[in-house]
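Colleague: sequence? don't have it. structure:
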């Protein structure tokens, strides 16, 4: 009995200590109250929504899934090289990743539909995008499975990988309003060091 109890305590300590993101669920109604400026366009769901397990491709053509980001709050942006609003918001998305990206937050941008790898690389170079991964959904399987109908569309995922918010259209994702909202989704220890 003592060995089982010690094992259970050790397991609980490792689980809680290894991933503080799950320690306290985010109050979505309080997050909704933080919407201002461009963030007024962000729809916050009453309950988290499950995401599709369909994959997308990395720069090398290898399959990637959202499981790679489990444990992180994710700003998931669907865009295209031929979409002017997508191109306009990309520098602010890149700056968001530069400022907040790390162990508990990631920006994931997925070029959806017909976007050649050379065109993506050329745009990233032209716009000085240096902090974002090159990910593609050429046949739109992942975007369609997640109800993305127009571009740009940005989803916010909680650390469990479920959708908690969605915005259609472009935004300044590095504005004070956006940073306040995103920081409110992160674990307290992460945001307290930024204050």
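Modeller: Done, it's in. It should be emphasised that the depicted structure is a prediction, and the values quoted were computed from it without experimental measurement.

Colleague: name the helix or strand for residue 122, please.
Modeller: helix 117-126 (DSSP states H and E).

Colleague: quick one: buried residues of that helix?
Modeller: By 16 or more other CB atoms under 10 Å, the buried positions in helix 117-126 come out as 120, 123, 124. The way it works is simple: take the backbone N, C-alpha and C, and place the C-beta from them, glycine included.

Colleague: tell me the contacts of the first one?
Modeller: In other words, residue 120. Taking CB atoms under 8 Å, 6 or more residues apart in numbering, we find residue 120 in contact with 81, 111, 134, 136.

Colleague: of these, buried ones?
Modeller: 81, 111, 134, 136.

Colleague: hey, where'd the helices end up in the chain?
Modeller: Per DSSP state H, the chain carries helices over the ranges 2-18, 28-33, 84-100, 117-126, 141-145, 176-185, 188-192.

Colleague: which stretch among these comes nearest residue 56?
Modeller: helix 141-145 (4.6 Å; CB to CB).

Colleague: who's in contact with the closest one?
Modeller: 52, 54, 55, 56, 78, 110, 112, 113, 137, 153.

Colleague: kindly report the same for stretch 71-78.
Modeller: 19, 21-22, 66, 89, 93, 96, 103-110, 112, 137, 143, 148, 151-159, 161, 173, 182, 185-186.

Colleague: filter the residues you listed down to the buried ones, ChimeraX style.
Modeller: Per 16+ other CB under 10 Å, the buried members of those correspond to this ChimeraX selection:
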select :21,66,89,93,96,104,105,106,107,108,109,110,112,137,143,148,151,152,153,154,155,156,157,158,159,161,173,182,185,186
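
Colleague: ok so, going back, export the helices of the chain to CSV and append columns for distance to residue 165 and mean pLDDT.
Modeller: Compiled in CSV, the helices of the chain are given as follows (distance: least, CB to CB, whole Å; pLDDT from 0 to 100):
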stretch, distance to residue 165, mean pLDDT
helix 2-18, 26, 40
helix 28-33, 7, 85
helix 84-100, 14, 98
helix 117-126, 26, 98
helix 141-145, 17, 97
helix 176-185, 9, 96
helix 188-192, 17, 54
